[in-house]
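J.: build me a model from this:
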Amino acid sequence: MIEVKFFKPEKTASWLVKQYEIIQSTVDTKMEDKFVPRSDTSLVFHFKALPEIAEPLNLILPQFFVVPLISKANTIKISGELDTFIVTCHPSVLSSVFHLDMSPDPKISISLPRELFFPLWKKLKPCKSTQQRITLFNQFLETIQSEPYKHDLIDHTYNNIIHSCIIQPLPLILKETPKSLSVIQRNFIKRVGISPKTLTRIVRANYLIDKIKENNVINYQDLVFDGHYYDQSHFIKDFKAITGETPGFYFKRNLRLTNILSGKNVK
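T.: Residues are numbered from 1 along each chain as shown. Reported below is the predicted structural model:
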């Protein structure tokens, strides 16, 4: 039996952290399913079994790494006992604080500075509770960022897209930035990992996935309207490009493992 739990961050850590998640099992567990692209990024710490990316590359993931923002779904395989601690973060803030380039290709994982994160991984591993791990991680953040974090132009652009792209066209959002589009695009990709346009597509797709799950029905007319797509074929094409499946096929199957692997609440 897989145990999955989510925890909200304390206010002192919310400048970086969106949620904490644990995935644990005390028996040999085998699962394979999709990781659906998200609009945020995660610090992942594996203390037992190490997952394997089955597609697009065959690759075993490391003990700790950053999950980059990706434009289409990966397939993940896990075999063994699980003890994984995940810290979901605002990507532009994470890359700024730890001086990470979020744009490497292929987008499978992003390495973290070992001199910083291996000692943290060793402290987190023996913890008996998630709360202990959260406390240790918060203490780690305090040593890294002693002064309040100051949001810059890329942070503001990212947040504007996340909060406004469902109802506001991307060109209008980007028009509010004081720098040229080419400068924004270049710096945005380095700090966030994908272009503003790709982020918009991911936000819209996840918004509609949640909406379909909530309503338990696929009403294409409503989804096209709510997602501001040109027509039904445009919506299906975008959805399939991101998830690898049409909406009809995607929602007919059991999505529990997909939700677990994609960091979505499975309740």
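J.: can we go C-alpha only for contacts and neighbour counts from here?
T.: OK.
J.: quick one: low-confidence parts of this structure?
T.: 56, 215, 266-267 (pLDDT under 70).
J.: which residues of the stretch 51-200 of the chain fall in strands?
T.: 52-55, 59-60, 64-67, 74-89 (DSSP state E, counting those that start in this stretch).
J.: out of those strands, which one sits most buried?
T.: Greatest average neighbour count among the strands of the stretch 51-200 of the chain goes to strand 64-67 (a mean of 22), per mean count of other C-alpha atoms under 10 Å.
J.: could you list every helix and strand in contact with that strand?
T.: strand 41-46 (3 or more C-alpha pairs under 8 Å, 6 or more residues apart in numbering; DSSP states H and E).
J.: outside of the strand it packs on, which residues touch it?
T.: For strand 41-46, contacts defined as C-alpha atoms under 8 Å, 6 or more residues apart in numbering pick out 62-69, 82-91, 121.
J.: how about the strands of the stretch 51-200 of the chain in TSV, adding distance to Pro171?
T.: Output for those, formatted as TSV (distance: least, C-alpha to C-alpha, whole Å):
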stretch	distance to Pro171
strand 52-55	33
strand 59-60	37
strand 64-67	28
strand 74-89	26
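J.: distance of Pro247 relative to Tyr207?
T.: 13 Å (C-alpha to C-alpha, to the nearest Å).
J.: longest strand in this structure, by number of residues?
T.: For the chain, the strand that runs over the most residues, judged by DSSP state E, is strand 17-35.
J.: for that strand, which outside residues touch it?
T.: 1-9, 73-90, 130, 134, 257-263.
J.: might you report the residue contacts of Ile110?
T.: Phe65, Val66, Val67, Pro68, Met102, Pro104.
J.: kindly recompute the last result at 10 Å.
T.: Residues in contact with Ile110 (C-alpha atoms under 10 Å, 6 or more residues apart in numbering) are Leu43, Pro62, Phe64, Phe65, Val66, Val67, Pro68, Leu100, Asp101, Met102, Ser103, Pro104.
J.: what is the nearest of those residues to Gly227?
T.: Using C-alpha to C-alpha, Pro68 is the member of those that sits closest to Gly227, with 24.2 Å.
J.: pretty sure that closest one contacts Ser92?
T.: No. Pro68 is beyond contact range of Ser92, at 11.2 Å (criterion: C-alpha atoms under 10 Å).
J.: overlap of the contact sets of these two?
T.: Asp40, Thr41, Met102, Val192, Gly193.
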